[in-house]
Every structure is written in structure tokens, then in C-alpha cells.
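1. What follows is a predicted protein model with its sequence.
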Amino acid sequence: MKCITVRDLNFSYPGNIDVFRDLNLCIDVGEKAGISAPNGTGKSTLFLLLTGLLKAQSGTLSLWESTVTKETDFKKARLKTGLLFQDPDDQLFLPTVEEDIAFVLLNRGQSRQEAGKKVDMLCKQFGIEHLKKRVPFHLSWGQKRLVSLAGVLVTEPELLLLDEPTAGVDDKVIEIIQTCIENHTGTMLVSSHDKHFLEKTCTTRYHLTNQRLEKC
Ligand SMILES: Nc1ncnc2c1ncn2[C@@H]1O[C@H](COP(=O)(O)OP(=O)(O)OP(=O)(O)O)[C@@H](O)[C@H]1O
Ligand SMILES: [Mg+2]
């Protein structure tokens, strides 16, 4: 079964900043795919298009073999998808770390007790229990990265979209991210400038060039 199918996608930002021209991509369920590309070529834009946060001018996108066009289609798909934004400041917005990690679960109607158990488990796994009552905004970059990753993994998404998770973090955080990817049984698409990290964590790799994706 296919997880992500993109056909002839064209996208430009207002002002005619052309990002994708007839981009195609096909990722199977269970595939762990990596994207490498220079700065400014469209990795983050692709993640935003896949989650319906941006709309393409033309082309088709299917998730789990269902065409997604309308906001209602994306809403359904987002229940099974976890997007880690490149900048953790785009992800974190609540007054405490524990509230931020629990946010989606509570929003989906899970009890505080159940959500709290999952938050505790992830905080323990990531070694960030001491940060639970802290203000996310005050954390270091690496700490923010772990908190935002916990907020994504807490829903156990089938599709994991990670936009440059290893940028600006130390070896210990990279190791935690690698372990999360290894333990993830679903599908994953990750962007990174770190070739070694992509080799270690991905089953297939793509390079974004000339406004299209090419398999490496
Ligand atoms: N909101 C926006 N409005 C206009 N242009 C934008 C906007 N966001 C991004 N761009 C432009 O679109 C192109 C792709 O940007 P994007 O952020 O997707 O690249 P990227 O590959 O993720 O880069 P990086 O490696 O630096 O994270 C760039 O030329 C960028 O300047
Ligand atoms: Mg980016």
C-alpha cells in the first residue's frame, strides 16, 4: 500500500517564487524516506503541502491511497500524521512543557490522567522530566527540539514527517531521534543536511533538485 503519492505537483509562493515544477513522489507504507537538498530548495514547503498547510496550484496528492484536496480530507489525514516543524518555536506555544506535549491528546478528548501518563513516559524516555513545569519559550534549542518531538510522538502517528530534526542539536539528542525513528513502525519522511544521519535512519533517499525529487 502507498502512504504518500504526489503527482505533477506545481507550487509557487506569491510573487512567483517557483518552488516545485511537476514534482512526483511515491512512498510506501512502512518506508523510511530521507530528503537531502540545499537551503531554500523547498523541503519545508513540501512538508507544509503534505499536511495541507499550503495549497498547491496544481497536481494531486493522495495519502493512504485517498486523494486529499479539501480541508476535511486533510483533517482526517492529520489524525494519523505527526509533523515536526523545522523551527520548534513554530510548534511550542503553551505555558508549560507538559501542557505542550499533552496538547493534541487533550484536544482529541483524551483524559488528563491518560494524557499525563503518556507525557511522563516520553519525558522519561527523553530525559526531560526536569523540564515538565518549565516555559517552553525559555528552553535551549536542543531542549525545545526534544519537547516538540515528544508532542509529535505522543499521538503515535502512522506517518511521521520530520523537518531537519537534527539541525543544531548535540550527539545525545541525535541518538534519541535515531532511536525514535528505529522504534517507529509506520512511515517516515525526514529532511536533513546530515548524510550520515540519513544513511543510518532511512531505507530510501531522495534529492531535491531543479524543483523535483530524484531518488538517490
Ligand atoms: N512564506 C513564504 N513566502 C514567500 N517565499 C517563501 C515563503 N517560505 C519560503 N519561501 C521561499 O520558498 C523557497 C523554499 O523555501 P523552504 O523554506 O521550503 O526551503 P528549505 O529547503 O526548507 O530551506 P532550508 O534548508 O533553509 O530549511 C525559498 O526560496 C524561500 O525563500
Ligand atoms: Mg526548511
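-> Sure, I can see it. Ligands and ions are numbered 1, 2, ... in the order given.
2. show me what contacts the residue of the chain found nearest ligand 2?
-> Per CB to the ion, Ser44 is where the chain lies closest to ligand 2, at 3.2 Å. From N, CA and C alone the C-beta is placed, and that goes for glycine too. Shown in contact with Ser44 (CB atoms under 8 Å, 6 or more residues apart in numbering): 86, 163, 191.
3. of those, list those near ligand 2.
-> Filtering the contacts of Ser44 for proximity to ligand 2 by CB under 5 Å from the ion leaves Gln86.
4. Among the contacts of Ser44, name the ones in helices.
-> Applying DSSP state H to the contacts of Ser44, no entry is found in helices.
5. dump the residue contacts of the residue lying closest to Glu98 once chain neighbours are set aside.
-> Counting by CB to CB, 6 or more residues apart in numbering, Glu98 lies nearest to Lys132, which is 4.4 Å off, once chain neighbours are set aside. Lys132 makes contacts with 96-98, 119, 123, as judged by CB under 8 Å, 6+ apart.
6. Mind doing that once more with 7 Å?
-> 97-98, 123 (CB atoms under 7 Å, 6 or more residues apart in numbering).
7. Next: Phe47.
-> 83, 161, 163.
8. can you check Thr45 too?
-> Thr45 neighbours (CB under 7 Å, 6+ apart): 11, 19, 54.
9. The last one: neighbour count?
-> Burial of Leu54 is recorded as 15 neighbouring residues (other CB atoms under 10 Å).
10. I'd say it and Leu48 touch.
-> Yes: the pair Leu54 / Leu48 is scored as a contact, 4.3 Å apart, by CB atoms under 7 Å.
11. Show me which residues of this protein sit near ligand 2.
-> Looking at ligand 2, the residues of the chain close enough under CB under 5 Å from the ion are 43-44, 86.
12. how long is stretch 189-208 end to end?
-> Chord length of stretch 189-208, first to last residue, is 13 Å (CA to CA, to the nearest Å).
13. do the same with stretch 98-117
-> 11 Å.
14. average pLDDT across it?
-> Averaging pLDDT along stretch 98-117 yields 97.
15. for this protein, what spans make up the strands?
-> 2-13, 17-28, 32-36, 58-63, 66-67, 81-84, 159-163, 187-191, 204-209, 212-215 (DSSP state E).
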